[in-house]
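S.K.: Build me a model from this:
(2 chains)
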Amino acid sequence: MAVTTLFDVADDISRAILITVLGHLPAPLSTWLATPDLVLGIAVLVFCALLLAAGMINTILLIWFERKLLGRFMDRRGAMHVGFAGLLQNFADGLKLFRKNTFKPEQADTLGFFSGPTAYMVASIVMFAILPISSGWSDGSLPLSLLLALAVFSFAPLFIFVSAWSSNNKYSLMGGMRSAAQMVAYEVPLLLAVVAVVIAAGSFNLNTIVYEQQNYWFWGPLLLALIVFVAAMLAEMERIPFDLPEAEAELVEGWNTEYGGMLFAFFMLADYVRALVGSFLVVLLFLGGWTMPTWVPSPLTTFPLSGIFWFMVKTYLVFLLFVWVRAALPRVRTDQLLRVGWMRMIPLSLLSVVLAVGLVLVRCLPVFGCLPTVGS
Amino acid sequence: MSEGAEAAPRPKPEHPILWVARPMITAARQFGKSLVRPSTIVYPYERLEDPRFRGEVDVASGKPIGVGEVWDNYRGVHALNVSTCISCNLCAFSCPDLCIDMVTVPGGDPKHPKKCPQIDYGKCSYCGFCSDACPEGCLTMTTRYELSVSKRSDMVYSPQKLHEIFARKLPMNPIRLERPANEDSILLDPPICIGCNACARDCPTGCITMLDIPKATAKPGEKLPKRIWKEPVVNDSDCVRCGTCISVCPKECLFWGTRR
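M.R.: All right, here's what the predicted structure looks like:
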C-alpha cells in the first residue's frame, strides 16, 4: 500500500495496533473485533493525534525558524545553544513556562481571564482540522471549508478582547480594543481577496481550489489579490508592522500584559499557530497547495508523503516572507493602519475581484494559459 | 538672520510604495550578507583571540599578533607567585575595593606565619593598583578574563589558586608603575624608642636591624655610657616602604620623612 498521505500513515499505525492487540485476545473476540470499521475508527483517532502533534511541533519549529531568520536579518545568529543550532531552545522555553505559577490579578474577572486564552488557543488549533494539507484529506472535503476556515480564523480577536477586558488593566484593554478595531478594518479586504480566488476557482471547497490550480497557480493571475491577502493576513495575525495590539513601546505587552506562565504560553503558541495557519491559507489559495507544476520531475513529486513535504516547504517560504516584512518594516500608527485598511486595501481588493471576474469571463489568463472550465 | 540661514527646499516626498520597498530591499541585502557569516562570533565556541577575528598582523613577521590572548594591557585575573611574596601587605593596603585579605599560607615560620593576598573577585574592580604596589613583582595581572562561577564563594581566590594561575604562565600585563625616585624613608624618633625589636621582627624584607646604638655609633676611643640600648636602623635600599614597622611600633616612634 503506497503511503501518500498522512491518513495512510494513521491507517498503517491503526492496523499495527489492532494486530498487536488482537493477537493477545481469545479467538472469537478477536475475529469479532477485526472489522474495517474499527480500523477506520482507530485510524481517525491516530490521525487526529498525529495532526495535533505535527501541528504543535511545527508551530514550535516556526518560532525557531523565525528567531533564526530574524537573527540573520539583523546580522546575528539567533538561538545557538540548546540542541543543534538552538533547535530545542523553544521546547526548553515552553517547559519553563509550563512549570511556572499561573496567577491572576486580584481585580480580574476569573471566568474571562482564564477562558480567554484557552478559547483563543482552541479557536486557533481548530484550523488544523479544517485546512487540507495534502491530497486525500477527508476533513477538507466540506463544501464550504474555505468559508468555515475564515470564520474560525476571524473568531480569535473576540477572545483577545474578552481576555484583555477581564484582565482589568488599562494596557490590556487598549490592546484588546485595538485588536477589535484592526479586525474590522482588515476583515473586509481579506474576504474580498478571497472572493477573487473563489471566483477564479469556482468553489468554496479548498480541495477544489487546489485542484483548480494544477495547471497554473493563482498567484500570477491574481497577484493583486495575493498582495491584499498577505497584507490583510499580516494584520489578522497581528504581526509587525500591524502588531498594534501588543505594541511594546506603548502598551506594556498589549492584551497579554497580565498573563504569565502557561496562559502566556497559550497566547504565544496560538499566535504562531495563527501564523502557521495564515501561511497555510496563502499556500492553499495562491500557491497551488500540495500540487507541483508538471515540469517538476516525477521522482520529486511521487515519493511517500510528497504532498505534505511540498506543502510544508511552501508554507515555510511564505512564512519567510512574513519574517522578511517583520525585519524590514516598523510598526504603523493606528490612523495609518486604519487609513491603509479602509482607503487602500478595500479598493484594491474590489479591483482584484473585478479582475478575477474579467479573467473568468475572458477564460484566458495572460500568464499561464487558458483557464479550465469553471464551475462545471 | 543671515541669508545663508534660509531653509533648503524640502525634498520631494518619495512615493509611498518606496516606504515599503526600500526597507524590504535593505533587509534582504543584509540577509544575503549575513547568510554566509553574521558579524557576531559564537563566543563560547569562538573567541576574539582567534587570529581570524583579531585582524592585526605583526608587520615584521607577518604573523597575527597575540594568538590566544586578548590585548596585552588587559587587566584580568591576578597571578601570584607565593614563593616570592614577602607578605608586605601593600596590595591589601592599596586596594580601593577592600577585596584583598592577607591569609596565612603554609610554609612560614610558626611564630610569624607567612601571609599572602586572597582576592575576592566579587568585589574586585580590576584597577591594578595592587600589582602596581607590589614591590617584588609577585602579584601581577594576567589577561585571563573568564571568571564565571556558579557560587559566590567560588569568587574568592585563595593564594594557592592564584599561584596555580601563576604556574600556568599566562601572558602577563606588562605595564607596571615605576617606583618614584625620592620616596620617603622610615625615620626614628630616638628618645621615644624602647628598643622592643617589634619593627625588625615584622619587617617583611629584613631591612631593619637592631643595633646597639652607643657601641655601633661610637667613635673609636669614645667613652661609652653605662646604659646600652638598641635602636632600629633601616636600610633604605632594601626597604619597600610597606609601613609595617610603623604600624607595629608600640610607642609610635617611627614615622615617614626625608632622610638628611
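S.K.: Show me which residues of stretch A:295-314 are buried.
M.R.: By neighbour count with 16 or more other C-beta atoms under 10 Å in any protein chain shown, stretch A:295-314 contains the buried residues A:301, A:305-308, A:310-312, A:314. In this view, the C-beta of every residue, glycine as well, is placed from N, C-alpha and C.
S.K.: Go through the residues you listed and flag which are in helices.
M.R.: Residues from these lying in helices, with DSSP state H as the criterion: A:301, A:306-308, A:310-312, A:314.
S.K.: tell me the least confident of those residues?
M.R.: Taking those together, the minimum pLDDT is found at A:T301 (76).
S.K.: How about it, nearest residue that isn't a chain neighbour?
M.R.: Of all residues not flanking A:T301 in the chain, A:M292 sits nearest, at 4.9 Å (C-beta to C-beta, 6 or more residues apart in numbering or on different chains).
S.K.: ok, the one you found to A:K314 distance?
M.R.: 9 Å (C-beta to C-beta, to the nearest Å).
S.K.: any chance of the buried residues of stretch A:295-314 in CSV, with distance to A:L29 too?
M.R.: Converted to CSV, these look like this (distance: C-beta to C-beta, whole Å):
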residue, distance to A:L29
A:T301, 44
A:L305, 35
A:S306, 40
A:G307, 38
A:I308, 37
A:W310, 44
A:F311, 41
A:M312, 42
A:K314, 47
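S.K.: Looking at the residues you listed, spot the one nearest A:G83.
M.R.: Set against A:G83, the nearest of the buried residues of stretch A:295-314 by C-beta to C-beta is A:M312 (19.8 Å).
S.K.: which SS class is the closest residue to that closest one other than its chain neighbours?
M.R.: Distance criterion C-beta to C-beta, 6+ apart; nearest residue to A:M312, sequence neighbours excluded, is A:N58 at 7.4 Å. Using DSSP: H, G, I helix; E, B strand; the rest coil, the structure places A:N58 in helix.
S.K.: go on, B:K115?
M.R.: strand.
S.K.: Tell me which stretches of chain A form strands.
M.R.: Applying DSSP state E to chain A gives strands spanning A:364-365, A:369-370.
S.K.: Would you single out the least confident of those?
M.R.: When those are compared by mean pLDDT, strand A:369-370 comes last with a mean of 45.
S.K.: So what does A:P143 look like in phi/psi?
M.R.: Main-chain torsions, A:P143, degrees, to the nearest 10: phi -60, psi -30.
S.K.: May I have the predicted confidence score for the nearest residue to it once chain neighbours are set aside?
M.R.: Excluding the flanking residues, the one nearest A:P143 by C-beta to C-beta, 6+ apart is A:N205, at 5.5 Å. Here, the pLDDT recorded for A:N205 equals 84.
S.K.: can you check the one 4 residues further on too?
M.R.: According to the prediction, A:I209 has pLDDT 84.
S.K.: again, but for the one 4 residues further on
M.R.: For A:Q213, the model assigns a pLDDT of 81.
S.K.: measure it to chain B for me?
M.R.: Taking C-beta to the nearest C-beta, to the nearest Å as the measure, A:Q213 falls 26 Å from chain B.
S.K.: Phi and psi next, for the closest residue to that residue other than its chain neighbours.
M.R.: Nearest residue to A:Q213, sequence neighbours excluded (C-beta to C-beta, 6+ apart): A:G288, at 4.3 Å. Dihedral pair for A:G288: phi 80, psi 10, per degrees, to the nearest 10.
S.K.: So A:G288 sits against A:E212, correct?
M.R.: No. Judged on C-beta atoms under 8 Å, A:G288 makes no contact with A:E212 at a distance of 9.5 Å.
S.K.: Roughly how far does the residue nearest the centre of chain B sit from B:L98?
M.R.: Residue closest to the average C-alpha location in chain B (C-alpha atoms, centre = their mean): B:S131, at 2.5 Å. B:S131 sits at a distance of 16 Å from B:L98 (criterion: C-beta to C-beta).
S.K.: List the contacts of B:D202.
M.R.: Contact analysis of B:D202 by C-beta atoms under 8 Å, 6 or more residues apart in numbering or on different chains lists B:112, B:244-245, B:248.
S.K.: from those, which is closest to A:L320?
M.R.: B:T244 (71.0 Å).
S.K.: Isn't A:P157 up against A:S179?
M.R.: Yes. Using C-beta under 8 Å, A:P157 is in contact with A:S179, at 4.9 Å.
S.K.: ok and the residue in the stretch 251-376 of chain A nearest chain B?
M.R.: The minimum distance from the stretch 251-376 of chain A to chain B, using C-beta to the nearest C-beta, falls at A:A328 (3.8 Å).
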